[in-house]
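Engineer: Sequence and predicted model, in that order:
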Amino acid sequence: MPIVILLTTTGFLIIELTSNFSDKITNPIFSYFLTLLGFFVENPVILITILLCLNFYFAVSTSPRRLNDFLGSFFGSTTKTIQILLLSSLISYVFLLIFAFIQLNFLAILINNNASANGVLSNSKSIISTLKNNNFAPKLRIITDDSENYITEVAAESAGTTSSYATSILHSVPPFLIIPVSKPQTGIVLIDNTLIITDPQKANFEQISPVLAYLFVKEYFATRTIKSYPKIAIMDALEYSKFRKDDAADKQKKIDQEVAKITTDIASESALIDSDQNTLLNTANSIVIERSQYKKCLSTNGKNCPELKIKLNSDVDQATSSAEVLNNEITGQKILLENNTFYKNYYNVQKKVVSISSLSIPHEFGVFIPENQIKIAKIYSDNYTPYDFMETLVHEYLHYASYAKGHVFASTFFEEGLTEYFARQITNFNLGIKTNLGYPVQVSIISEITKSIPETELADIYFTKDEARLESTLDRVYGDNFYKNNEALFGALQYTSEKEQVLKIANQLMAKINGPKLTGRDLEGTFSSDVSQN
């Protein structure tokens with residue numbers, strides 16, 4: 001009997017140390033039993049085999065002399081089998097707690113004596129050097145509450161698994177039973193390939209951020225050459241306030257550029273309309289003259305009247321066909337002229353709005369300064385987590401990585417929209433965290449575009465800043481002149497502060513790319529702590 005209990009207990013221990021079915025259950029007992037249940041639901045053959053083996057063992061141990069006695073004993077052993085399973089599972093749980101207690105305290109002793117010698121790095125230079133040598137993105141853990149949680153996270157990572165034991169049992173050991181361990185003064189710890197941030201206020205992000213961002217971007221774009229490393233500085237509240245004012249001034253300059261471009265387009269469209277209308281008028285006058293000549297020929301019984309009639313009919317047919325084409329062109333040009341006139345007035349209004357409030361269009365918390373400098377704001381908010389910082393960091397790093405002197409997109413919509421889209425994809429890919437902080441409307445539109453244009457193709461366009469290919473690709477997918485006809489709409493989204501206007505413009509674009517209608521909720525940027533991670 002003892003050997004049976006020992007073997008069954010060992011089996012349960014192995015299951016708990018290797019399986020992970022209930023890592024979101026906070027109660028360790030529930031987590032433990034749900035993990036066992038989940039394992040057997042996934043592997044019913046193993047459960048049936050265990051039940052049969054235990055029943056067979058108990059039946060044989062009674063030494064039956066006849067088959068009927070054996071079968072009766074076999075099926076009658078079910079109660080004993082269940083008792084063994086329950087007893088072994090309870091013993092296994094106790095053993096796991098003992099293991100966790102021993103591991104936590106043993107690790108605490110090692111860290112207190114010589115952390116670096118035991119693979120726990122807290123020196124910024126050592127961490128950066130190790131990450132560069134590893135050349136792949138680390139996992140990221142955030143701990144901001146207490147030292148007990150710190151040692152537990154270290155132990156979980158040292159276990160090298162995401163099993164129920166690492167995610168639940170280790171955390172169930174009472175803090176007073178663990179030898180105290182001080183958090184590292186640097187605020188960051190690297191264990192194997194997991195970077196644990198124990199204090200975001202102390203962590204030297206300026207030193208470590210370039211390497212982290214490079215590895216995150218490189219991990220996502222594995223086949224692409226990614227530049228490294230820019231200079232990164234953290235802005236305090238005063239610097240950030242100045243940045244926002246400078247950003248508003250920059251937006252005013254860009255609005256002026258948009259107005260100038262639209263003014264040129266308006267002049268060009270007006271000239272084309274006048275030209276086409278003059279062509280129609282000249283053609284009509286020519287037909288009138290030909291008809292007059294034909295009538296005069298008939299009245300004088302001229303010999304060349306049949307030739308004049310043939311030429312007149314031919315010219316009328318050609319003029320009719322040309323008139324249809326020109327009238328369609330004039331209609332399209334008038335629509336563009338009307339739209340551009342509206343957007344010219346719209347931009348002028350937005351310029352006044354931006355000049356009134358430098359904080360009217362908050363989209364991001366960082367800035368890329370060509371050719372190799374990044375500045376990121378240190379946001380003082382309970383909702384702003386290091387994950388939001390990492391997403392902002394990746395966003396600005398993408399600007400740096402894709403910067404090509406002399407090559408830019410004509411519309412900042414695609415520069416910022418694609419950058420933010422890829423930044424969110426990278427953050428979710430590396431950290432398993434969804435973010436929605438900057439450019440929510442632009443990302444919604446870009447996400448819809450990726451359903452028709454492969455992400456790899458958009459990445460090629462983005463990293464080369466190939467404006468011609470961007471326009472031709474959009475025209476290929478959404479129809480001729482799609483980009484030209486909607487360029488003003490894309491641009492308007494970058495400088496809009498009124499929610500009703502944003503929603504109106506965004507849904508105009510969504511309708512043209514067959515996307516779902518956006519609502520007011522889609523306009524709001526949110527911190528990662530407020531975004532559902534399901």
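Structural biologist: Looks like it came in fine.

Engineer: So, low pLDDT: which residues of the stretch 1-150 of the chain?
Structural biologist: 1-8, 12, 15-26, 55, 57-77, 114-118, 144-150 (pLDDT under 70).

Engineer: where do the helices sit along it?
Structural biologist: 2-18, 28-42, 44-61, 67-76, 78-114, 124-134, 147-158 (DSSP state H, counting those that start in this stretch).

Engineer: And Asp489, how far from Met235?
Structural biologist: To be clear, residue 489 is Leu; Asp isn't right here. 32 Å (CB to CB, to the nearest Å). Yep, even glycine has a C-beta here, placed from its N, CA and C like the rest.

Engineer: How about Ile84?
Structural biologist: For Ile84, the distance to Met235 - CB to CB - is 64 Å.

Engineer: Same question for Pro138.
Structural biologist: Shown here: Pro138 relative to Met235, a distance of 25 Å by CB to CB.

Engineer: So for the two, which residue has more residues nearby?
Structural biologist: Neighbour count, other CB atoms under 10 Å: between Pro138 and Met235, Pro138 has more, with 22 against 18.

Engineer: Using CSV, list the CA coordinates for stretch 167-176.
Structural biologist: Taking Å, rounded to 0.1, in the frame of the first residue of the first chain, the C-alpha atoms of stretch 167-176 are listed here in CSV:
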residue,chain,number,x,y,z
THR,A,167,2.2,30.6,-10.8
SER,A,168,0.2,29.5,-7.8
ILE,A,169,1.9,27.2,-5.2
LEU,A,170,5.0,29.4,-4.8
HIS,A,171,2.8,32.5,-4.2
SER,A,172,0.8,30.6,-1.5
VAL,A,173,3.8,30.4,0.9
PRO,A,174,3.2,33.0,3.7
PRO,A,175,5.6,35.9,3.6
PHE,A,176,6.6,35.6,7.2
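
Engineer: Give me the buried positions along that stretch.
Structural biologist: In terms of neighbour count (16 or more other CB atoms under 10 Å), stretch 167-176 has its buried residues at Thr167, Ser168, Ile169, Leu170, His171, Ser172, Val173.

Engineer: what about that stretch, distance to the chain center?
Structural biologist: Computed by CA atoms, centre = their mean, to the nearest Å, the chain-centroid distance of stretch 167-176 equals 33 Å.

Engineer: and it, what's its mean pLDDT?
Structural biologist: The predicted model assigns stretch 167-176 a mean pLDDT of 79.

Engineer: most packed of the helices of the stretch 1-150 of the chain?
Structural biologist: Mean neighbour count (mean count of other CB atoms under 10 Å) peaks for helix 147-158 among the helices of the stretch 1-150 of the chain, with a mean of 22.

Engineer: what helices or strands is the helix or strand that that one is followed by leaning on?
Structural biologist: For helix 147-158, the succeeding helix or strand toward the C-terminus, using DSSP states H and E, is helix 164. Using 3 or more CB pairs under 8 Å, 6 or more residues apart in numbering; DSSP states H and E, the elements in contact with helix 164 are helix 28-42.

Engineer: For the helix it packs on, which helices and strands make contact with it?
Structural biologist: So helix 28-42, by 3+ CB pairs under 8 Å, 6+ apart, packs with helix 2-18, helix 44-61, helix 78-114, helix 164.

Engineer: Kindly reformat those helices as TSV and extend each row with distance to Gln373.
Structural biologist: As requested, these are exported to TSV (distance: least, CB to CB, whole Å):
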stretch	distance to Gln373
helix 2-18	47
helix 44-61	58
helix 78-114	37
helix 164	46
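
Engineer: residues contacting Lys296?
Structural biologist: Gly302 (CB atoms under 8 Å, 6 or more residues apart in numbering).

Engineer: what's the distance between it and Ile289?
Structural biologist: Distance from Lys296 to Ile289, by CB to CB: 11 Å.

Engineer: same question, Ser89
Structural biologist: Ser89 is 104 Å from Ile289, by CB to CB.

Engineer: Please apply the same query to Asn514.
Structural biologist: For Asn514, the distance to Ile289 (CB to CB) stands at 50 Å.

Engineer: same question, Ile127
Structural biologist: Distance from Ile127 to Ile289, by CB to CB: 87 Å.

Engineer: cool, Lys125 as well?
Structural biologist: For Lys125 relative to Ile289 (CB to CB), the value is 89 Å.

Engineer: Please apply the same query to Pro516.
Structural biologist: Relative to Ile289, and taking CB to CB, Pro516 is found at 57 Å.

Engineer: same deal with Glu324?
Structural biologist: For Glu324, the distance to Ile289 - CB to CB - is 21 Å.

Engineer: before we move on, what about Glu258?
Structural biologist: 46 Å.

Engineer: who's more crowded, these two?
Structural biologist: Counted by other CB under 10 Å, Glu258 and Ile289 do not tie: Glu258 has more neighbours, with 24 against 10.

Engineer: In this structure, which residue is most central in space?
Structural biologist: Arg424 (2.0 Å; CA atoms, centre = their mean).

Engineer: how much space between that one and Tyr384?
Structural biologist: From Arg424 to Tyr384 the distance is 16 Å (CB to CB).

Engineer: got it, and Asp192?
Structural biologist: 28 Å.

Engineer: More neighbours: which of the two?
Structural biologist: Taking other CB under 10 Å, Asp192 and Tyr384 do not tie; Tyr384 has more neighbours (19 against 15).

Engineer: ok so that one is a helix residue?
Structural biologist: No: counting by DSSP: H, G, I helix; E, B strand; the rest coil, Tyr384 is located in no helix; its state is coil.

Engineer: give the contact list for it.
Structural biologist: By CB under 8 Å, 6+ apart, the neighbours of Tyr384 are Phe527.

Engineer: do you know how far it is from Tyr165?
Structural biologist: 33 Å.

Engineer: what does Tyr220 give?
Structural biologist: From Tyr220 to Tyr165 the distance is 31 Å (CB to CB).

Engineer: Mind checking which of the two has more residues around it?
Structural biologist: Tyr165 (26 against 21).

Engineer: which stretches of the stretch 201-350 of the chain form strands?
Structural biologist: 231-235 (DSSP state E, counting those that start in this stretch).

Engineer: Tell me which stretches of it form helices.
Structural biologist: Going by DSSP H, counting those that start in this stretch, the stretch 201-350 of the chain shows helices at 205-220, 237-299, 305-356.

Engineer: mean confidence for the second one?
Structural biologist: Read it as helix 237-299. 79.

Engineer: Centre of the chain to it, how far?
Structural biologist: 39 Å.

Engineer: and what of the last one?
Structural biologist: In terms of CA atoms, centre = their mean, the centre of helix 305-356 is found 42 Å from the chain centre.

Engineer: other SSEs contacting the helix or strand just after it?
Structural biologist: Using DSSP H and E, the next helix or strand after helix 305-356 towards the C-terminus is strand 366-369. Strand 366-369 sits against strand 373-377, helix 386-402, with contacts defined as 3+ CB pairs under 8 Å, 6+ apart.

Engineer: immediately after the longest one, which helix or strand?
Structural biologist: Remark: after helix 386-402, the chain's next helix or strand is helix 412-431, criterion DSSP H and E.

Engineer: what about dumping the CA coordinates of the helix or strand just after that following helix to CSV?
Structural biologist: Using DSSP H and E, the helix or strand that follows helix 412-431 towards the C-terminus is helix 440-449. Extracted C-alpha coordinates of helix 440-449, given in CSV (Å, rounded to 0.1, in the frame of the first residue of the first chain):
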residue,chain,number,x,y,z
PRO,A,440,-6.8,54.7,-31.6
VAL,A,441,-8.7,55.8,-34.7
GLN,A,442,-5.7,55.5,-37.0
VAL,A,443,-5.0,52.0,-35.8
SER,A,444,-8.6,51.0,-36.3
ILE,A,445,-8.3,52.0,-39.9
ILE,A,446,-4.9,50.5,-40.5
SER,A,447,-6.1,47.2,-38.9
GLU,A,448,-9.0,47.1,-41.3
ILE,A,449,-6.6,47.8,-44.2
